[in-house]
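# based on what follows, work out the 3D shape:
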Amino acid sequence: QVQLVESGGGLVQPGGSLRLSCAMSGSTFNLYPMGWYRQAPGKQRELVAAITGGSGGSTKYGDSVKGRFTIARDNAENTVYLQMNSLKPEDTAVYYCNRGRLGTWWTPGNYWGQGTQVTVSS
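Just a heads-up that it's a prediction; the model follows:
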């Protein structure tokens with residue numbers, strides 16, 4: 001059974017940083033592209049960042065986070081990370097990890113984590 005468990009969310013002041021983690025079990029992690037999405041109240045879920053499987057040689061980012069967020073993966077730890085810098089109040093949302101569809105770039109898959117809340121406020 002595939003499980004995705006996010007951690008690292010919290011309250012941070014504008015301009016601050018957070019690092020989210022998503023640990024996967026029950027699947028061969030290194031094969032799959034992985035992604036982060038977010039959903040703010042009253043808004044649709046949107047792609048934040050994605051990374052290809054294997055060595056993670058390719059990444060993609062939502063326009064609103066380019067230059068501020070970085071996605072990375074550690075296949076030995078079965079974990080994908082999202083480093084978030086220069087955070088803004090509009091980054092406030094629940095952040096979700098997703099296991100992408102094998103052999104595609106980028107299509108979200110059926111497995112989601114439970115979400116972790118990120119709140120950016122002074």
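# Arg19 in helix, strand or coil?
When the structure is split into helix, strand and coil by DSSP: H, G, I helix; E, B strand; the rest coil, Arg19 lands in strand.
# which element is the closest residue in space to it that isn't next to it in sequence on?
Leaving out its chain neighbours, the residue that sits closest to Arg19 by CB to CB, 6 or more residues apart in numbering is Gln83, at 5.1 Å. (Each C-beta comes from the backbone N, C-alpha and C, glycine too.) Here Gln83, judged by DSSP states H and E, is contained in strand 79-84.
# for the helix or strand following that strand, which positions count as buried?
Per DSSP H and E, the first helix or strand lying C-terminal to strand 79-84 is strand 93-100. Along strand 93-100, the positions that meet the burial threshold by neighbour count (16 or more other CB atoms under 10 Å) are Ala93, Val94, Tyr95, Tyr96, Cys97, Asn98, Arg99, Gly100.
# try stretch 68-81
Phe69, Thr70, Ile71, Arg73, Asn78, Thr79, Val80, Tyr81.
# correct me, but the second one touches Val80?
Spelled out, that is Thr70. No - distance between Thr70 and Val80: 11.4 Å, which falls outside the contact criterion (CB atoms under 8 Å).
# right, I'll leave it there.
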